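> sequence and predicted structure below; questions after.
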Amino acid sequence: MGPIEVEYEGSEDFLKQELPELLQALTTLYKDSGISDAQPASAPGAKANATPGPQGTTNTYAAALGGGTGTELALAAGARLRIGMGAETFTRAKLLEEMKSASSYYKKSYSGNLSNIIGTLVTNQKFIEAAKDTYSLHATTENELRTRLAS
């Protein structure tokens with residue numbers, strides 16, 4: 001069974017005697033239901049809810065989120081990979097490929113500055129370095145971007 005939170009106001013007797021019985025009954029009911037409690041593995045800081053976001057190209061994401069700088073375009077590309085395509089993580093090469101696909105925003109200089117661009121996003125806690133040259137969106141960033149894309 002997943003995490004549970006109980007907020008209770010009332011007698012101490014109920015809390016000590018009846019609440020444990022209620023929780024035991026819920027646990028039994030849950031086990032009998034056959035619902036799996038297995039959670040998919042995710043990168044640190046990745047949001048468990050991987051609901052797909054808006055469809056579209058990286059150009060579409062850059063138009064909605066901003067793509068005027070290399071950092072903004074990399075963030076838009078990361079958003080498309082995570083939110084639009086459901087990727088838990090993405091490599092440096094995949095990020096660059098996605099940035100290049102945004103022909104309305106991409107500049108050749110971004111390729112040479114990619115280390116600085118990614119470094120800025122990691123420092124500003126927009127990206128998490130999950131492994132060498134492998135990144136994910138920070139959960140807070142993902143939530144913010146989902147909100148901006150939905151509006």
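Structure received.
> give me the number of residues near Ile128?
Residues lying near Ile128 (other C-beta atoms under 10 Å) number 19. The way it works is simple: take the backbone N, C-alpha and C, and place the C-beta from them, glycine included.
> ignore what I typed, I meant Glu12.
If we define neighbours as other C-beta under 10 Å, then Glu12 has 7 of them.
> show me what Phe127 is bridged to.
Counting by DSSP bridges, Phe127 is bridged to Leu137.
> pretty sure it is touching Ala139, no?
No: the criterion here is C-beta atoms under 8 Å, and Phe127 misses it with Ala139 at 11.6 Å.
> neighbour count: these two, which is higher?
Set Phe127 next to Ala139 and count neighbours by other C-beta under 10 Å: Phe127 wins out with 24 against 17.
> so how far is the longest helix along the chain off the chain centroid?
The residue-count maximum for a helix in the chain (DSSP state H) belongs to helix 19-33. A distance of 32 Å separates the centroid of the chain from that of helix 19-33, by C-alpha atoms, centre = their mean, to the nearest Å.
> helix or strand right after it?
Once the chain leaves helix 19-33, the next helix or strand it forms, by DSSP states H and E, is helix 58-65.
> what ranges of this protein fall below the confidence cut-off?
Residues of the chain that meet the criterion pLDDT under 70 lie in 1-6, 8, 34-53.
> buried residues, the strand or helix carrying Glu144. List them.
Counting by DSSP H and E, the element that carries Glu144 is helix 139-150. Applying a neighbour-count criterion of 16 or more other C-beta atoms under 10 Å, one finds Ala139, Thr141, Glu142, Leu145, Arg146, Leu149 buried in helix 139-150.
> same check on stretch 131-141?
Result for stretch 131-141 [16+ other C-beta under 10 Å]: buried residues Thr134, Tyr135, Ser136, Leu137, His138, Ala139, Thr141.
> which one among those residues gets closest to Arg80?
Leu137 (10.6 Å; C-beta to C-beta).
> my read: the closest one touches Lys126, true?
Yes: with contacts counted by C-beta under 8 Å, Leu137 reaches Lys126, the gap being 7.2 Å.
> which residues are common contacts for the two?
Gly78 (C-beta atoms under 8 Å, 6 or more residues apart in numbering).
> and the closest residue to Gly66 other than its chain neighbours, what element?
Distance criterion C-beta to C-beta, 6 or more residues apart in numbering; nearest residue to Gly66, sequence neighbours excluded, is Glu72 at 4.4 Å. Using DSSP H and E, Glu72 falls within helix 70-79.
> all set now, cheers.
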